[in-house]
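Undergrad: Provided below for reference: sequence and predicted model.
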Amino acid sequence: MSAYGLGMSKPRLKKAEIKFPYRFEKNGRTGRIKFWPASGIYATHFTYASKACRNTFKTFEAAWSYLDNEFSKLDDDKANALSLHPLAGDVKNYHELECLLREKGGGATLRDAVTFFLANHKRTKLEPKTFVECEAVFLKHQKNNNISSIQLRTLEKHYRRFKKDFGTRKIDEITTLEITDWLATRTDEKSGRPWSAKTKASVLGSLVSLSLFAQEILKAIPDTGKTEFQKVRRPKKDAKEKVEIYTAAAIETLLLTAIEHDIDLIPAIVVGCFEGLRPFEFHAEGADRPPLTWEEINWTDQFLHVTGQKVRSKATRDIPLHDVTVAWLKPFAKLKGPMWTYKQAYTKKMNALREKAEVQSIYDGFRHSYASYRVRQLKGNLSQLAEEMGNSPAEIVDSYKRNVSDEEADAWFSRMPPAGYGEKITAILASRRQEPQDGKELVQP
């Protein structure tokens with residue numbers, strides 16, 4: 001660039017050699033000189049303090065001198081400069097910073113640098129915390145907000161796995177890529193099978209909730225937009241991923257084994273497989289509700305009344321009693337109170353029964369089996385099935401297996417007890433009762 005272009009000396013060019021608009025630069029400021037041949041006028045233009053400054057002259061030299069003097073005055077006349085736009089330093093310093101940014105910062109401007117600084121300056125206000133520290137405060141906060149014990153246990157379960165790999169890491173340093181890779185490689189601890197898309201999405205939802213709490217309340221994540229957890233793409237269900245359910249033969253084997261080894265599990269299996277109840281709706285272990293009671297079965301009108309459901313908008317529901325349900329539960333009909341009297345034995349006892357019966361464990365298998373076979377009976381009526389299962393039709397769609405035949409559905413709901421079943425259950429129940437005392441009625445423990 002010529003010295004002339006930098007405003008260091010007046011031009012020594014003929015008018016024909018000057019290309020308009022002419023660019024004039026000095027001390028980091030830029031102006032232009034335009035020429036209007038029709039009128040022979042030279043016009044100057046530059047911007048200062050966000051305002052356009054224009055003037056006209058009869059000669060190029062006069063226009064050039066005006067810009068040269070004006071830019072010098074803006075630098076030297078500090079009172080004038082500060083009155084228009086106060087600066088902490090002189091223009092030369094700002095020009096040097098601009099040049100440095102262009103050279104070392106990939107063409108960035110001073111405004112870019114200020115914007116970047118302000119965005120990242122918020123990090124200095126961070127209160128760094130590890131994932132474990134954030135989790136502890138969040139769970140305590142949720143508990144104080146009276147979320148259900150089921151929801152609290154779900155959060156604890158989801159965080160337990162994540163803590164193994166990221167517990168001691170600062171939560172603001174965990175990246176989207178790390179979270180994505182972690183979810184993609186998770187497997188069931190017992191079966192070794194990869195997590196389903198539904199499980200991944202559920203765990204991700206819990207992690208996002210914690211990250212938002214860490215950002216908004218704990219200030220442990222910079223408030224600069226979405227958290228790294230929010231940026232993780234929601235896992236999509238694999239087209240090949242199918243709902244697993246029990247066959248009629250497998251559930252019959254399980255029930256027959258329960259007759260021989262643990263009759264307390266018969267009602268649990270029956271209300272799950274033939275009425276679609278969630279396990280906690282039966283046993284209530286760790287839930288903010290009592291276990292299902294025998295009084296909730298209306299033998300006269302043939303329905304099962306369920307309260308305290310997972311979905312609050314569907315607080316109660318009445319499920320029709322199917323003939324197979326009546327057949328298996330009728331020997332228990334005279335019992336009163338909770339169907340499940342243990343505190344923390346459901347999973348342990350059910351696993352033991354499956355091992356004896358040599359029937360595989362399927363996650364939520366009883367309920368998914370009911371949905372799969374019942375929807376076939378209902379000829380695809382999702383609204384009615386959702387009403388029976390206490391859920392939305394959209395959620396139900398993900399809970400049943402496709403291509404179940406009418407024959408398979410009929411086989412499921414016709415697995416009646418073997419001959420002599422009623423007498424055997426009655427005898428076992430009678431043996432549990434206390435001996436009569438002073439003519440009092442027998443009492444079930």
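TA: Nice, I can see it.
Undergrad: In stretch 426-434, which of the residues would be classed as buried?
TA: residue 429 (16 or more other Cβ atoms under 10 Å). To be clear about C-beta, it is placed using only N, CA and C from the backbone, and glycine gets the same treatment.
Undergrad: could you dump it to CSV, C-alpha only?
TA: Taking C-alpha atoms only, stretch 426-434 is exported to CSV below (Å, rounded to 0.1, in the frame of the first residue of the first chain):
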residue,chain,number,x,y,z
THR,A,426,-57.3,-73.6,49.6
ALA,A,427,-55.4,-76.2,51.6
ILE,A,428,-52.2,-74.2,51.5
LEU,A,429,-54.0,-71.1,52.7
ALA,A,430,-55.7,-73.0,55.5
SER,A,431,-52.4,-74.4,56.7
ARG,A,432,-51.1,-70.9,57.1
ARG,A,433,-54.0,-69.8,59.4
GLN,A,434,-53.7,-69.9,63.1
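Undergrad: what are the ranges of the strands in the chain?
TA: Taking DSSP state E, the strands of the chain run over residues 22-26, 29-36, 41-48, 51-57, 297-298, 303-307, 316-320.
Undergrad: And the first one, what's buried?
TA: So that's strand 22-26. Within strand 22-26, judged by 16+ other Cβ under 10 Å, the buried ones are 22, 24, 25, 26.
Undergrad: just the residues you listed now: which is nearest residue 242?
TA: When those are ranked by distance to residue 242 (Cβ to Cβ), residue 25 comes first, at 69.9 Å.
Undergrad: which residues does the closest one bridge with?
TA: Note on residue 25: beta-bridge partners by DSSP bridges are residue 30.
Undergrad: quick one on the thing from earlier: hmm, which two among the buried residues of strand 22-26 are most spread apart?
TA: 22 and 26 (13.1 Å).
Undergrad: Please convert the strands of the chain to CSV, extending it with distance to residue 97 and mean pLDDT.
TA: Supplementary listing: those in CSV, determined by distance: least, Cβ to Cβ, whole Å; pLDDT from 0 to 100:
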stretch, distance to residue 97, mean pLDDT
strand 22-26, 16, 89
strand 29-36, 14, 90
strand 41-48, 18, 89
strand 51-57, 22, 89
strand 297-298, 80, 94
strand 303-307, 70, 90
strand 316-320, 69, 90
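Undergrad: Any chance of JSON lines for those, columns distance to residue 274?
TA: Below are the strands of the chain laid out as JSON lines (distance: least, Cβ to Cβ, whole Å):
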{"stretch": "strand 22-26", "distance to residue 274": "86"}
{"stretch": "strand 29-36", "distance to residue 274": "83"}
{"stretch": "strand 41-48", "distance to residue 274": "80"}
{"stretch": "strand 51-57", "distance to residue 274": "81"}
{"stretch": "strand 297-298", "distance to residue 274": "12"}
{"stretch": "strand 303-307", "distance to residue 274": "10"}
{"stretch": "strand 316-320", "distance to residue 274": "10"}
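Undergrad: so which of these comes closest to residue 233?
TA: Nearest of the strands of the chain to residue 233, taken as Cβ to Cβ: strand 316-320 at 34.7 Å.
Undergrad: That closest one packs against which elements?
TA: When contacts are defined as 3 or more Cβ pairs under 8 Å, 6 or more residues apart in numbering; DSSP states H and E, strand 316-320 packs onto strand 303-307, helix 382-389.
Undergrad: Tabulate the CA atom coordinates of it in PDB.
TA: Output of strand 316-320 as PDB, limited to C-alpha atoms (Å, rounded to 0.1, in the frame of the first residue of the first chain):
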ATOM      1  CA  THR A 316     -57.600 -44.500  38.800                       C
ATOM      2  CA  ARG A 317     -58.700 -47.100  36.300                       C
ATOM      3  CA  ASP A 318     -61.100 -50.000  36.300                       C
ATOM      4  CA  ILE A 319     -59.900 -53.100  34.300                       C
ATOM      5  CA  PRO A 320     -62.300 -55.800  33.300                       C
END
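Undergrad: Pick out whichever of the buried residues of strand 22-26 sits closest to residue 344.
TA: residue 25 (80.3 Å).
Undergrad: give the contact list for the residue lying closest to residue 354 once chain neighbours are set aside.
TA: Distance criterion Cβ to Cβ, 6 or more residues apart in numbering; nearest residue to residue 354, sequence neighbours excluded, is residue 361 at 5.6 Å. Residues in contact with residue 361 (Cβ atoms under 8 Å, 6 or more residues apart in numbering) are 190, 191, 351, 354.
Undergrad: so which of those would you say is closest to residue 291?
TA: Nearest member of these to residue 291, counting by Cβ to Cβ, is residue 351, at 19.1 Å.
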